[in-house]
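In: Coordinates only, no sequence provided:
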């Protein structure tokens with residue numbers, strides 16, 4: 001984590017250019033928490049793989065990209081993941097996950113209300129509104145780019161998740177966020193077709209392209 005802290009400190013000292021956008025990619029879970037498991041992969045491994053490819057795709061577009069982890073098996077608390085994005089003053093934090101639902105397809109979540117965990121309440125109203133705007137643009141561009149490759153499970157709010165409801169309406173990563181944040185359930189990993197898509201080279205290529213299109217739309221100011 002020392003390298004990460006040093007890198008983030010350097011970022012805070014760099015002047016922001018008029019064109020470059022700064023994005024935080026948060027590949028969900030780690031070796032201890034694992035996440036959901038399919039027949040051929042696990043959530044933390046596929047999220048890391050897609051996160052690495054998305055980082056390259058966004059950098060090719062001229063964006064500055066940071067990750068919340070330095071290696072695939074690293075476990076980082078959700079609060080610290082959010083703080084990494086906060087300290088880097090990113091334009092958007094994109095949290096990558098895979099679902100364990102009985103459905104199939106891709107969904108985008110954002111905080112529409114505050115939640116509370118360990119006495120911490122958040123995010124504030126400005127972050128909620130900015131997240132809503134970014135998530136709406138993100139999901140629209142994401143689905144358009146996918147062209148039906150994955151079922152559209154719609155744009156949703158944190159309170160529509162079990163954890164979000166438990167915490168009052170926002171996920172922990174959203175509660176600590178001081179920047180626009182959204183979470184993508186990239187597929188339902190326990191669904192055979194979804195897993196086949198996200199583990200195939202062609203599927204990953206299409207998904208990364210769609211995620212990059214979503215990020216670009218999510219950070220593009222209104223005219």
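Out: Good, I have the coordinates. What you are looking at is a predicted structure, and each value in this text was computed from that prediction instead of being measured. Residues are numbered from 1 along each chain as shown.
In: Doesn't residue 210 lie inside a helix?
Out: Yes. Counting by DSSP: H, G, I helix; E, B strand; the rest coil, residue 210 is found in a helix.
In: Let's verify the residue nearest in space to the middle of the chain: helix, strand, or coil?
Out: By Cα atoms, centre = their mean, the chain has its centre lying nearest to residue 95, at 1.8 Å. With three-state DSSP as the basis, residue 95 sits in strand.
In: isn't it right next to residue 183, touching?
Out: Yes. Assessed by Cβ atoms under 8 Å, residue 95 is found in contact with residue 183 at 4.1 Å. The C-beta positions use only the backbone N, C-alpha and C, and glycine is treated the same way.
In: For the protein, which segments count as strands?
Out: Counting by DSSP state E, the chain has strands at residues 22-27, 64-67, 92-99, 106-110, 115-117, 120-122, 152-157, 181-188.
In: contact partners of stretch 79-95?
Out: Outside stretch 79-95, the residues that touch it by Cβ atoms under 8 Å, 6 or more residues apart in numbering are 4, 8, 11-12, 16, 21-26, 28, 54, 66, 68, 76, 120, 134, 138, 172-184, 211, 215, 218-219.
In: Mark which of these are buried, thanks.
Out: Neighbour counting with 16 or more other Cβ atoms under 10 Å marks 4, 8, 11, 21-26, 28, 54, 66, 68, 76, 134, 138, 172-184, 211, 215, 218-219 as buried within those.
In: Which pLDDT value belongs to residue 105?
Out: On pLDDT, residue 105 comes in at 98.
In: For it, which residues are in contact?
Out: By Cβ under 8 Å, 6+ apart, the contact list for residue 105 reads 150-153, 187-188, 194.
In: and with 6 Å instead?
Out: 150-151, 153 (Cβ atoms under 6 Å, 6 or more residues apart in numbering).
In: got it, and residue 114?
Out: Taking Cβ under 6 Å, 6+ apart, we find residue 114 in contact with 121, 170.
In: picking that back up, relative to residue 153, how far out is the residue nearest to the centre of the chain?
Out: From residue 95 across to residue 153, the span is 16 Å (Cβ to Cβ, to the nearest Å).
In: again with residue 215
Out: From residue 215 to residue 153 the distance is 19 Å (Cβ to Cβ).
In: Same check on residue 65?
Out: 26 Å.
In: Repeat that for residue 41.
Out: 20 Å.
In: who's more crowded, the two?
Out: residue 153 (19 against 16; other Cβ atoms under 10 Å).
In: nearest spatial neighbour of that one, skipping sequence neighbours?
Out: Distance criterion Cβ to Cβ, 6 or more residues apart in numbering; nearest residue to residue 153, sequence neighbours excluded, is residue 107 at 3.7 Å.
In: Show me what that neighbour is bridged to.
Out: Note on residue 107: beta-bridge partners by DSSP bridges are residue 185.
In: tally of neighbours for it?
Out: For residue 107, using other Cβ under 10 Å, the count is 25.
In: Is it in contact with residue 183, as I believe?
Out: No. The pair residue 107 / residue 183 is not scored as a contact, 8.9 Å apart, by Cβ atoms under 6 Å.
In: which residues are in contact with stretch 131-143?
Out: Stretch 131-143 has contacts (Cβ under 6 Å, 6+ apart) with 92, 108, 110-111, 152, 155, 180-182, 210, 213-214, 217-218.
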